[in-house]
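1. sequence plus the predicted model coming up.
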Amino acid sequence: MRVFGYVRCSTEEQAISGVTIEAQKQDLKKEAETKGLKILDIFVDAGISGTVPPMERPNMRKMLLKLQAGDADGVIVCKIDRLARDIRSFVNLTAYFDANKIGLVLLSPKIDTFDSTGKFMLNIFACVADLEREMISDRTVKALQYKKSQNQRTGTIPFGKKLESENSNILIDDEEEQKTILRVLELRKTKINVLNKSGESVEKPYTFKKIADVLIEEKRKNKEGNVAWFPSQIQRMMQPYFPKKEKIKKSKGKKLNSFFDC
């Protein structure tokens with residue numbers, strides 16, 4: 001099997017001394033000889049942190065493009081953290097390798113995707129990554145829900161609210177804006193007669209555009225203090241009062257032919 005080696009060190013001092021780089025190269029060559037792999041070239045990213053995304057590392061990028069072109073059958077690396085420090089980047093890389101039938105050999109932990117056991121180990125990593133993402137998402141949602149329950153600001157101040165004081169993070173009702181919200185809800189519930197395509201008169205609620213026009217006529221101010229209203233503003237204002245049911249779309253999946261898709 002033809003493979004590329006990949007080496008990375010994280011500090012300028014290591015890059016200058018060359019000790020870590022040379023040690024990694026020697027370990028790769030020994031492992032390749034043991035497994036009967038032919039190293040065509042070793043790509044080195046010296047003085048680059050593992051937190052830097054793979055496609056932003058100059059020599060990692062060159063290697064991935066050559067792999068995509070079919071110049072080698074796989075990659076050999078000393079440790080996972082040489083490829084990526086966070087599990088999401090690592091899983092994205094391995095998904096790219098799998099989609100393009102590129103093997104991955106890791107010295108630590110011992111993983112070789114040229115055989116079924118190695119592929120199984122990578123699937124475990126992918127499952128762990130999915131679990132981690134779900135747990136982070138759940139914690140974020142719960143934190144935001146708690147802040148909202150305590151009337152704490154969680155982003156842009158919504159229409160109808162204002163900060164309790166200049167240095168406060170607590171939201172309180174803005175009396176004038178609350179009056180505008182009540183007016184919008186009143187207008188939305190108002191029915192008007194319109195002609196349908198068949199020429200029949202039917203009752204329909206005020207459209208967002210019609211409500212915006214009324215607010216302008218009544219000289220009601222928006223969040224920026226201007227008498228300018230658009231249908232999209234009315235729609236956003238009404239979302240908390242008339243939430244839409246989300247439609248769950250089934251994912252068809254996407255084949256990662258290029259690491260740019262990750």
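-> Received the coordinates, thanks. Numbering: from 1, shown residues only.
2. I'd like the next helix or strand past the worst-scoring helix or strand of the chain on mean pLDDT.
-> Lowest mean confidence among the helices and strands of the chain (mean pLDDT, DSSP states H and E): helix 12-17, at a mean of 59. Next helix or strand after helix 12-17 toward the C-terminus (DSSP states H and E): helix 19-35.
3. got the buried residues for the following helix or strand past that following helix?
-> Remark: after helix 19-35, the chain's next helix or strand is strand 38-45, criterion DSSP H and E. By 16 or more other CB atoms under 10 Å, the buried positions in strand 38-45 come out as 39, 41-45. Where you see a C-beta, it was placed from the backbone N, CA and C, and this is true even at glycine.
4. show me where this structure has its strands.
-> With DSSP state E as the criterion, the chain has strands at 2-8, 38-45, 74-79, 103-108, 111-112, 161-163, 171-173, 191-195, 201-205.
5. deepest-packed of these, please.
-> strand 2-8 (a mean of 23; mean count of other CB atoms under 10 Å).
6. partner strands of that strand, with direction?
-> Strand 2-8 pairs in its sheet with strand 38-45 (parallel), strand 74-79 (parallel), by DSSP bridges.
7. so which of the ones you listed comes closest to residue 214?
-> Counting by CB to CB, residue 214 lies closest to strand 38-45 out of these; the figure is 61.0 Å.
8. list of residues touching that closest one?
-> 1-9, 21, 25, 28-29, 32, 57-60, 62-63, 71-72, 76 (CB atoms under 8 Å, 6 or more residues apart in numbering).
9. picking that back up, can you list the strands paired with strand 2-8 in JSON lines and add mean pLDDT?
-> As requested, these are exported to JSON lines (pLDDT from 0 to 100):
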{"stretch": "strand 38-45", "mean pLDDT": "96"}
{"stretch": "strand 74-79", "mean pLDDT": "93"}
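10. what's the closest of the ones you listed to residue 190?
-> strand 38-45 (64.5 Å).
11. show me the shaky parts of this structure.
-> Scanning the chain with the threshold set as pLDDT under 70 gives 12-19, 126, 129-130, 132-133, 243-262.
12. among the strands of the chain, which is nearest residue 185?
-> strand 201-205 (10.9 Å).
13. neighbours around residue 180, how many?
-> Neighbour count for residue 180, taken as other CB atoms under 10 Å: 20.
14. what distance do you get for it to residue 237?
-> Distance, residue 180 to residue 237, by CB to CB, to the nearest Å: 8 Å.
15. any residues in contact with both of the two?
-> 159-160.
16. how about the closest residue to residue 234 other than its chain neighbours, what does it touch?
-> Distances taken as CB to CB, 6 or more residues apart in numbering put residue 208 closest to residue 234, at 4.3 Å, once the chain neighbours are dropped. If you count contacts by CB under 8 Å, 6+ apart, residue 208 has them with 231-232, 234-235.
17. any idea how far residue 118 is from residue 110?
-> 8 Å.
18. pick out whichever of these two has more residues nearby.
-> Ranked by neighbour count (other CB under 10 Å), residue 110 and residue 118 place residue 118 first, with 17 against 11.
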